[in-house]
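Participant: after the sequence you'll find the predicted model.
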Amino acid sequence: MIQFENVSLGYGEKVIVRDINIEIPDGKTLVILGGSGSGKSTLLKGVLGLLHCMTGRIVVNGAVVDSLSQNELLSYRQRIGMVFQEGALFDSLTVGENVGFWLWEHTDMTDAEIEERVRLLLSFVGLIETINLYPGELSGGMKRRVAIARAMAPQDPMVMLYDEPTTGLDPFTSKSICDLIRQVQKEFAASSLVVTHDLQDAFRVGDFFTFVKDGSLVVTGDRNVISESSDPFVRTFLAV
Ligand SMILES: Nc1ncnc2c1ncn2[C@@H]1O[C@H](COP(=O)(O)OP(=O)(O)OP(=O)(O)O)[C@@H](O)[C@H]1O
């Protein structure tokens, strides 16, 4: 469960998002929509503990993120699966090494155990045959799949965060990534936060939706609430 309680976040003195109150129960996905530069990724940074709240607090499975010690923050982050914009894979490592990287760095699993988990994760995302390829040899959609496999490498992630997982992909590939995100949600029952510009993809992956405008949330609710909203900003998104 992720809870934002009266959260304001920003950089230096500059407030980017203010008075955010949202709750994402276990097994549910909240999609954050909004224009470029509205602060969507800033909200993810708050959950990762990369930014301190200027006001309020973010609570994840009972832990107040800003109150965690350095060591606690490290183990907390190990239970968060993060899929970065464009996948952000290491180009000099093979697909298998990318997926296994976190396990080599943060666990005492043997090489054989890591290889078994890497194979399992790559099979889950439908890319076992790419295990020895380099990211440069993959299509955009394949890179996103590998990034999702890598984000799932920690056993049992409690939270999955996706920063624009479908940006730049064709509609068919986008749909397959959305299907995969749903599949991950079913498999792990994690709370998920997805940031996107794309309303169609949002409806594919989300249970709840929220819109950021001028640093505040304008409307939050399920698909019916969003579809019936009379808020002009939301109507513009629906019309596109
Ligand atoms: N490290 C930083 N230092 C100062 N300002 C920043 C920093 N990172 C982001 N910002 C500013 O915060 C605002 C929100 O950025 P953020 O990346 O959260 O927006 P976004 O909604 O995710 O945008 P996009 O959809 O384009 O990725 C922007 O005005 C940006 O310039």
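Facilitator: Received it, and whenever you're ready, just let me know what you need.

Participant: per-residue pLDDT, G87?
Facilitator: According to the prediction, G87 has pLDDT 64.

Participant: scratch that, F90
Facilitator: pLDDT, F90: 88.

Participant: thinking it is in contact with G100, fair?
Facilitator: No. If you go by C-beta atoms under 8 Å, F90 and G100 don't touch, sitting 11.3 Å apart. Any C-beta I mention is one placed from the backbone N, CA and C, and that applies to glycine too.

Participant: neighbour count winner among the two?
Facilitator: It is G100, of F90 and G100, that has more neighbours when counted by other C-beta atoms under 10 Å, with 27 against 12.

Participant: make sure that one is indeed in a strand.
Facilitator: No. Per DSSP: H, G, I helix; E, B strand; the rest coil, G100 lies outside any strand segment and is helix.

Participant: residues touching it, list them.
Facilitator: The contact partners of G100, by C-beta atoms under 8 Å, 6 or more residues apart in numbering, come to 114-115, 117-118, 153.

Participant: need the worst-confidence member of those.
Facilitator: Among those, pLDDT bottoms out at A153, giving 85.

Participant: report pLDDT for the residue lying closest to that one once chain neighbours are set aside.
Facilitator: Leaving aside its chain neighbours, A153 sits nearest to W102 (4.7 Å; criterion: C-beta to C-beta, 6 or more residues apart in numbering). Listed pLDDT for W102 reads 86.

Participant: now do the strands in this structure.
Facilitator: Per DSSP state E, the chain carries strands over the ranges 2-11, 14-24, 29-34, 55-60, 63-64, 80-83, 159-163, 191-196, 208-213, 216-221.

Participant: hmm, back to that, now the residue nearest to A153: how far from G34?
Facilitator: For W102, the distance to G34 equals 30 Å [C-beta to C-beta, to the nearest Å].

Participant: okay, those two: which has more neighbours?
Facilitator: G34 (23 against 17).

Participant: who's the more buried one bridged to?
Facilitator: V212 (DSSP bridges).

Participant: my read: it touches L43, true?
Facilitator: No. In this structure, G34 is not within contact of L43 by C-beta under 8 Å, at 9.6 Å.

Participant: overlap in contacts, the two.
Facilitator: With C-beta under 8 Å, 6+ apart, G34 and L43 have common neighbours V212.

Participant: can you list the residues of the chain near the ligand?
Facilitator: 11, 16, 34, 36-42 (C-beta under 6 Å from any ligand atom).

Participant: so how far is the ligand from the residue nearest to I58 when sequence neighbours are not counted?
Facilitator: Nearest non-adjacent residue to I58, counting by C-beta to C-beta, 6+ apart: V65, 4.7 Å away. As judged by C-beta to the nearest ligand atom, to the nearest Å, V65 and the ligand stand 17 Å apart.

Participant: what residues are up against V65?
Facilitator: By C-beta under 8 Å, 6+ apart, V65 lies in contact with 46-47, 49, 53, 57-59, 73, 76.

Participant: make CSV out of those and add neighbour count and pLDDT.
Facilitator: Output for the contacts of V65, formatted as CSV (neighbours: other C-beta atoms under 10 Å; pLDDT from 0 to 100):
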residue, neighbour count, pLDDT
G46, 27, 95
V47, 23, 94
G49, 19, 93
C53, 19, 96
R57, 16, 97
I58, 24, 97
V59, 18, 96
L73, 17, 91
Y76, 20, 88
